[in-house]
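Undergrad: what follows is a protein structure lacking sequence information:
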Ligand code: GDP
Ligand code: MN
């Protein structure tokens with residue numbers, strides 16, 4: 001689960017980091033009031049779950065409360081990478097002498113929390129990572145020992161020459177590590193970690209991503225979920241207990257099992273198509289899930305064809321077939337009338353014969369092989 005910048009910085013502030021005073025506004029008037037209260041120049045920042053807001057025009061300096069009003073007016077409602085800005089953060093502006101990057105991710109390769117730090121922080125960190133990867137320093141932390149004081153100092157000295165500033169940085173890195181572990185994050189990042197001209201460090205931007213599977217342990221973080229900021233179909237999928245990730249392609253995929261779903265997406269790409277989503281209906285035999293999956297996929301206007309790839313194990317083919325038939329009937333009875341998209345179904349395994357019989361009753365045919373089904377779906381989608 002992603003949280004907003006202001007929420008991540010609240011967490012950072014609670015563990016002792018210096019975060020500029022700030023508040024969230026949902027109207028330009030509120031932004032002006034907050035700027036008046038702060039009594040300083042402010043930055044008005046779009047709160048959306050995506051990076052690169054600065055480059056997209058979603059981060060603007062305002063010297064006066066009136067300017068804060070105007071910038072908020074510009075930023076609220078703005079579209080940043082497909083997300084509409086519904087709230088802005090109004091933060092005390094910091095005078096920036098230097099911007100560093102510090103981040104931690106859960107790394108699958110080393111199976112450890114890995115620090116990444118760079119003295120070349122700020123909005124161009126992606127380019128730094130691509131063009132001059134040697135400027136990014138990494139450290140995998142032993143989960144039993146945690147971040148050792150000497151490791152924190154060693155990382156800090158990769159960023160700063162001045163021992164006073166490095167000392168502050170070592171403390172921040174330790175705080176970041178502790179909060180990363182305590183909140184079961186998969187990512188925690190400060191970019192930029194700003195040095196002011198008087199040698200103070202400030203967390204000016206914050207980002208955290210929390211492992212969904214650990215949210216039950218963190219009711220306070222779970223309560224931060226902003227459904228308005230999330231992809232609506234992903235919200236709907238979560239409610240229906242489906243694992244779903246929206247993508248940009250045109251073949252809507254309904255698959256049972258995450259591995260098979262990945263393989264299906266690979267095959268769609270291999271045969272020249274592109275998947276509209278990752279969707280795993282899971283191992284259960286619940287027709288309601290198929291109905292929910294169909295609803296979610298057909299709500300994406302880019303989808304040109306629907307591909308079912310079901311390998312019946314615990315999932316029974318007859319249940320999936322019933323789900324497909326039920327979903328088609330409900331869609332037909334809905335305001336848009338019968339489904340206009342072609343459907344290709346690959347169905348093998350438990351209760352396969354019964355599944356095929358159910359499909360035949362409504363003139364749907366199942367293919368035997370995955371390759372056939374994928375190629376057909378792409379072909380029908382292109383017509
Ligand atoms: P991002 O582009 O989504 O990562 O948003 P950031 O919060 O990192 O802001 C982008 C850039 O805006 C930063 O790298 C800074 O250069 C600049 N910026 C953000 N806050 C301040 C501030 O308080 N003062 C000044 N002078 N610049 C800021
Ligand atoms: Mn940033």
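TA: Nice, thanks for sending it over. Predicted, not measured: the structure shown is a model, and the values here were computed from it. Numbers count the residues shown, from 1 in each chain. Ligands and ions are numbered 1, 2, ... in the order given.

Undergrad: ok, and the closest non-adjacent residue to residue 188?
TA: residue 180 (4.3 Å; CB to CB, 6 or more residues apart in numbering). For every residue, glycine as well, the C-beta is placed using N, CA and C.

Undergrad: so which helix or strand takes in that neighbour?
TA: Assigned by DSSP states H and E, residue 180 belongs to helix 163-182.

Undergrad: what pLDDT does the residue nearest to residue 188 get?
TA: For residue 180, the pLDDT comes out at 98.

Undergrad: next: residue 281.
TA: 88.

Undergrad: for the protein, which segments count as helices?
TA: For the chain, the helices defined by DSSP state H occupy 5-14, 28-38, 65-75, 125-131, 149-159, 163-182, 219-222, 232-239, 258-270, 287-298, 317-333, 352-361, 370-382.

Undergrad: hmm, who's touching stretch 266-277?
TA: 244-253, 264-265, 296-297, 300, 302-303, 307, 370-371, 374-375, 377-378, 381 (CB atoms under 8 Å, 6 or more residues apart in numbering).

Undergrad: check stretch 229-239 too.
TA: Contacts of stretch 229-239 (CB under 8 Å, 6+ apart): 2, 4, 47-49, 83, 86, 227, 243-246, 279, 292-293, 295-296, 299-300.

Undergrad: mind doing that once more with 10 Å?
TA: Contacts with stretch 229-239, where a contact means CB atoms under 10 Å, 6 or more residues apart in numbering, come from 1-4, 47-50, 82-87, 212, 225, 227-228, 242-246, 277, 279-281, 289, 292-293, 295-297, 299-300.

Undergrad: return the set of buried residues in it.
TA: Buried residues in stretch 229-239, counted by 16 or more other CB atoms under 10 Å: 229, 233-235, 237-238.

Undergrad: how about stretch 117-135?
TA: Buried-residue list, stretch 117-135, by 16+ other CB under 10 Å: 117-123, 125, 128, 135.

Undergrad: any part of that stretch near ligand 1?
TA: Yes - looking at stretch 117-135 against ligand 1 by CB under 6 Å from any ligand atom, the contacts come from 122-123.

Undergrad: end to end on that stretch, go ahead and measure it.
TA: One end of stretch 117-135 sits 8 Å from the other (CA to CA, to the nearest Å).

Undergrad: can you check stretch 293-310 too?
TA: End-to-end distance of stretch 293-310 (CA to CA): 13 Å.

Undergrad: check stretch 113-128 too.
TA: End-to-end distance for stretch 113-128: 21 Å, by CA to CA.

Undergrad: does it come close to ligand 2?
TA: No - residues of stretch 113-128 contacting ligand 2 under CB under 5 Å from the ion: none, with a closest distance of 6.5 Å.

Undergrad: just how off-centre is that stretch within its chain?
TA: In terms of CA atoms, centre = their mean, to the nearest Å, the centre of stretch 113-128 is set 19 Å apart from its chain centre.

Undergrad: next: stretch 252-267.
TA: Mean-position distance between stretch 252-267 and its chain equals 20 Å (CA atoms, centre = their mean).

Undergrad: how far away is residue 315 from residue 280?
TA: Separation of residue 315 from residue 280 (CB to CB, to the nearest Å): 11 Å.

Undergrad: spit out the residues that contact these two alike.
TA: Common neighbours of residue 315 and residue 280, counting by CB under 10 Å, 6+ apart, are 256-257.

Undergrad: which of the contacts of stretch 229-239 are buried?
TA: By 16+ other CB under 10 Å, these give 1-4, 47-49, 83, 85, 87, 225, 242, 244, 246, 277, 279-281, 289, 292-293, 295-297, 300 as buried.
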